[in-house]
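# Here is a sequence together with a model predicted from it:
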Amino acid sequence: MLNNIIPAFVVGGLICILGQLLMDLTKANVTPAHVLVTFVTGGVVLGALGLYEPLVKFGGAGATVPLSGFGYALAKGAIEGAESNGLIGAFSGGIEATAVGIASALFFGYLVAVVFNPKG
Amino acid sequence: MNNKKAGNQTVVFQSPPVILSKYNIVGPKEGQGPLKDSFDVILKDTYDGEKSWEKTEAKMLETAMRGAVSKANVPLDAVDYILAGDLLNQIISSNFAARQIGLPFIGLYGACSTMALSTALGAMLVDGGYASKVLCSASSHHDTAERQYRLPTEQGNQRAMYAQWTVTGAGSIMLSDTGVGPKVTSATIGRVIDFGETDANNMGAAMAPAVADTILNHFRDLNRPPDYYDLVATGDLGMIGLQLAIEILKRSNLNITNDFTDCGVMIYSPSQDTHAGGSGCGCSAAVLTGNILDRMLSGNLKRVLLVGSGCLHSPASSLQGESMPAIGHAVSIEVSKAV
């Protein structure tokens, strides 16, 4: 078990450090939303180039849970979709691969919006 | 004819209006700060039984206004004007508070400089003979300001170390042509100055040049020595803005040796983790109507210069990359030697 946990901690932690550095070392008009989009897009690019795969193999959830992992799954799904279904698959594959994440974000977002009122 | 004007930007009141009364109300965080003994009301929570923070802020402002009227011991209809402002779109806190009170109302927007601005204009109305009693007020609320200017607080975004914490507070003073109390002796209306700061978290840096400009003009217009005031208090420059303002003044050869501080620095202790200190209209309003006037009334301070500092950007202008114009308004308050 430690074989999984320690690499996940190290990889996930390093990705988070990168995010914090992006917040701290850039001008304040770089907002958390910019960091979010950068991580997803970065995951797509690295995933498409095959550079994120080794990170996932080594770090497991440490690499797939952060937002860059979402981008990686999008790229991977799109490539697999393109291989099986051509151009249409390139569009649908990414969404299929990330369907669980997207659907649960919608579902829990809806649930929380029904139960609670936004305050701030 | 223009014999009340001194220099370029300053007016000197011939019959200085008296600050007949003062009243303030603050939130829980301010109530835990070093000035807690100078507040009339400290709320237990930031809602105070209201459904929204906007409602709370309007109620706080109304409380401050009514408190100042009742402490002045004058009937409500003896008040000629309410001058008030706040930070929200269309200054709704002031509009809604004035709706409840039902007196002639002049809404002001000077961003965080509003308390000094309302005091300056109120004193002009009284000394000009257009009013006998004027209520000068301002308010801000941390959570309404976050909603107005920043991102949803639920996102839990990290705040920059140079960012300031908007004060939850409202303050009101009653200016009068008669009576006993500290007097508003002069006012310097500031110019809008913009050194090109575009970081909306760094309001202290945006405001420091405007505040320094107003202070320089005030001393120059009145030809006063740098040690004339026992206390020069800027509105809400915060720790970084105050240092910058001191630096600018030094380079302009105005070395204020007496107490020179900032309401935003005074209102919180460093352990409260507000980063660069307090901000907001309520900051200078609560500190003026609390600590500063308390010290004047007890005789510890004789001459005070309050320089309200306001950052005149909007959320839209900042998102469009515009820099932040700023302004400073100064009012001198003095206790006459005879009192």
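Received, thanks.

# can you map out the strands along the stretch 101-250 of chain B?
B:105-108, B:133-140, B:165-166, B:169-176, B:183-188, B:231-234 (DSSP state E, counting those that start in this stretch).

# So which of the ones you listed is nearest chain A?
Closest to chain A of the strands of the stretch 101-250 of chain B, according to Cβ to the nearest Cβ: strand B:165-166, at 12.2 Å. The C-beta positions use only the backbone N, C-alpha and C, and glycine is treated the same way.

# If you count contacts, what does that closest one end up packed against?
helix B:142-149, strand B:278-279 (3 or more Cβ pairs under 8 Å, 6 or more residues apart in numbering or on different chains; DSSP states H and E).

# Take those and write them to TSV, including distance to residue A:65 and mean pLDDT.
Below are those laid out as TSV (distance: least, Cβ to Cβ, whole Å; pLDDT from 0 to 100):
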stretch	distance to residue A:65	mean pLDDT
helix B:142-149	29	95
strand B:278-279	37	97
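
# Out of the ones you listed, which one sits most buried?
Greatest average neighbour count among the helices and strands packed on strand B:165-166 goes to strand B:278-279 (a mean of 34), per mean count of other Cβ atoms under 10 Å in any protein chain shown.

# partners of that one, with directions?
If you go by DSSP bridges, strand B:278-279 pairs up with strand B:165-166 (parallel).

# what's next to the strand it pairs with, contact-wise?
Here strand B:165-166 makes contact (Cβ atoms under 8 Å, 6 or more residues apart in numbering or on different chains) with B:29, B:87, B:140-142, B:145-146, B:268, B:274-275, B:277-280, B:282-283.

# Nearest to residue A:73 among the helices and strands packed on strand B:165-166 would be which one?
helix B:142-149 (34.1 Å; Cβ to Cβ).

# Give me the helices and strands touching that closest one, please.
helix B:53-72, strand B:165-166.

# deepest of the ones you listed, which one?
Mean neighbour count (mean count of other Cβ under 10 Å) peaks for strand B:165-166 among the helices and strands packed on helix B:142-149, with a mean of 27.

# how near is the residue in chain A positioned nearest to chain B to residue B:48?
Nearest residue of chain A to chain B, counting by Cβ to the nearest Cβ: residue A:120, 3.0 Å away. In this view, residue A:120 and residue B:48 are 16 Å apart by Cβ to Cβ, to the nearest Å.

# Which one of the two is surrounded by more residues?
Remark: of residue A:120 and residue B:48, residue B:48 carries more neighbours, 19 against 15, as counted by other Cβ atoms under 10 Å in any protein chain shown.

# can you pull the contacts of the more buried one?
Contacts of residue B:48 (Cβ under 8 Å, 6+ apart): B:56, B:59, B:60.

# Show the pLDDT at it.
Looking at residue B:48, its pLDDT is 97.

# host element of it?
Assigned by DSSP states H and E, residue B:48 falls within no helix or strand.

# Show the backbone phi and psi for residue B:88.
phi -80, psi 160 (degrees, to the nearest 10).

# again, but for residue B:21
phi -160, psi 170.

# Just to check, it is in contact with residue B:72?
Yes. With contact defined as Cβ atoms under 8 Å, residue B:21 counts as touching residue B:72 (3.8 Å).

# Mean pLDDT for the helices and strands packed on helix B:142-149 - can I get that in TSV?
What follows is these, written out as TSV (pLDDT from 0 to 100):
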stretch	mean pLDDT
helix B:53-72	98
strand B:165-166	97
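
# Identify whichever of those lies nearest to residue B:97.
Closest approach to residue B:97 among these is made by helix B:53-72 (4.0 Å; Cβ to Cβ).
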